[in-house]
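Asks: this is a predicted model, with the sequence first.
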Amino acid sequence: MPTLDIENEIWDEGYNCIAFCDEVGRGCLFGSVLAAAVVMPRGLIIEGVKDSKKLSPKKREQLYEIIKEKCIAIGVGTVSAGIIDRINIKNATKLAMKKAILSIKDRNENEIVPDYILIDAEKVDLSIPQRAIIKGDDFSHGIAASSIVAKVLRDRLCERWHMEYPNYNIKQNKGYGTKAHREALKRYGASPMHRQTFLGKIL
C-alpha cells in the first residue's frame, strides 16, 4: 500500500509544495495520453488510495471526488494521438506530464508552482527539483492519488470519444488494444483519433 515515506523525506528536506504526477493511456491505440499533477497537504492520507489500476471504476470515482476536495491543487495535461505519432509515446508522455505540472491551479484558479516534483517513472524537462519513482503509484500516496485523477479524467474522455466513434467501443476498452478493438480496426479501418504508429501489426 502506498505510504507517505518518500514525501515525508522530501518535506523534511525543507520543500513545502510537492507536485505528484502520473499518466494514463500510454499503451492505448486510441486517443490522447493524459497526465495529472496533484499537490497534497502535508501529512494527509486518504484511506483506500492506491494504484488506480487496482481499483474498481466506482471506487476510483469516489476517491477522485475526495482527492479533488482535499488536495491543494490539480493540473492536467494531454497530448493528442497525432503528436504521439510525431514525437513517440515516451516523449509525448513526458510532454503531458510537463503540461500538467505547468497548469496546476488551486480551487480559486490561482496558479501554483511546486518546489519539488515526484513522478511515476519519468523525468520532465523542467528546472524544478524532481525524482522519478519506478512503480511510484505502489509506493507514494501522492503519486497514487495523481494516478486516480488521471484515470478518472481519461475514462470520462473515453465516454465522449465513444459517442463520436461508436464503432470501436472506446467506452468499454478505453482505447486499449483488446481483441474486439483490433477486430473493429480491421473491419472499419482507423479513425482520425487512432495512433497510426501503434497500428502496424494490426492493419
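Replies: Sure, I can see it.
Asks: tell me the centre residue of this protein?
Replies: residue 23 (2.6 Å; Cα atoms, centre = their mean).
Asks: any idea which element that one lies in?
Replies: Assigned by DSSP states H and E, residue 23 belongs to strand 18-24.
Asks: can I get that strand as CSV, trimmed to CA atoms?
Replies: Below are the C-alpha coordinates for strand 18-24, written out as CSV (Å, rounded to 0.1, in the frame of the first residue of the first chain):
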residue,chain,number,x,y,z
ILE,A,18,5.3,18.8,-3.8
ALA,A,19,3.5,18.0,-7.1
PHE,A,20,2.8,14.3,-7.6
CYS,A,21,2.5,13.3,-11.2
ASP,A,22,1.3,10.2,-13.1
GLU,A,23,-0.1,9.4,-16.6
VAL,A,24,-2.7,7.1,-18.1
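Asks: what mean pLDDT does that strand have?
Replies: On average, the pLDDT along strand 18-24 is 98.
Asks: just stretch 65-83 next, same as before
Replies: pLDDT averaged over stretch 65-83 gives 98.
Asks: remind me, longest helix of the chain?
Replies: Scanning the chain for the helix with the most residues, using DSSP state H, yields helix 141-164.
Asks: any chance you could map the strands in this structure?
Replies: Per DSSP state E, the chain carries strands over the ranges 18-24, 33-39, 73-79, 105-106, 116-120, 130-133.
Asks: mind putting those into CSV with distance to residue 57?
Replies: Yep, even glycine has a C-beta here, placed from its N, CA and C like the rest. Shown next, in CSV, are these (distance: least, Cβ to Cβ, whole Å):
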stretch, distance to residue 57
strand 18-24, 13
strand 33-39, 16
strand 73-79, 19
strand 105-106, 26
strand 116-120, 20
strand 130-133, 25
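Asks: now for these, which one comes closest to residue 89?
Replies: strand 33-39 (6.9 Å; Cβ to Cβ).
Asks: touching, the residue nearest to the centre of the chain and residue 95? I think so.
Replies: No - counting by Cβ atoms under 8 Å, residue 23 does not reach residue 95; the two are 10.2 Å apart.
Asks: sorry, back to before: and the longest helix of the chain, what does it pack against?
Replies: Secondary-structure packing of helix 141-164 (3 or more Cβ pairs under 8 Å, 6 or more residues apart in numbering; DSSP states H and E): strand 18-24, strand 33-39, helix 57-70, strand 73-79, strand 116-120, helix 136-139, helix 170-173.
Asks: name the helices or strands packed onto the longest one?
Replies: Just to be clear, that refers to helix 57-70. Partner elements for helix 57-70 (3+ Cβ pairs under 8 Å, 6+ apart): helix 141-164.
Asks: buried residues, the helix it packs on. List them.
Replies: 141-155, 157-158, 161-162 (16 or more other Cβ atoms under 10 Å).
Asks: may I have it as CSV, with CA atoms only?
Replies: C-alpha atoms of helix 141-164 as CSV (Å, rounded to 0.1, in the frame of the first residue of the first chain):
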residue,chain,number,x,y,z
HIS,A,141,0.5,8.0,-1.6
GLY,A,142,0.6,11.3,-3.6
ILE,A,143,1.6,9.6,-6.9
ALA,A,144,-1.2,7.0,-6.4
ALA,A,145,-3.6,9.9,-5.9
SER,A,146,-2.5,11.5,-9.1
SER,A,147,-2.9,8.2,-10.9
ILE,A,148,-6.6,8.1,-9.8
VAL,A,149,-7.2,11.6,-11.0
ALA,A,150,-5.6,10.9,-14.4
LYS,A,151,-7.5,7.6,-14.8
VAL,A,152,-10.9,9.1,-13.9
LEU,A,153,-10.4,12.1,-16.2
ARG,A,154,-9.2,10.0,-19.2
ASP,A,155,-12.1,7.5,-18.7
ARG,A,156,-14.5,10.4,-18.9
LEU,A,157,-12.9,11.5,-22.1
CYS,A,158,-13.4,7.9,-23.4
GLU,A,159,-17.1,8.2,-22.8
ARG,A,160,-17.1,11.3,-25.0
TRP,A,161,-14.9,9.7,-27.7
HIS,A,162,-17.2,6.7,-27.7
MET,A,163,-20.1,9.0,-28.8
GLU,A,164,-18.0,10.3,-31.7
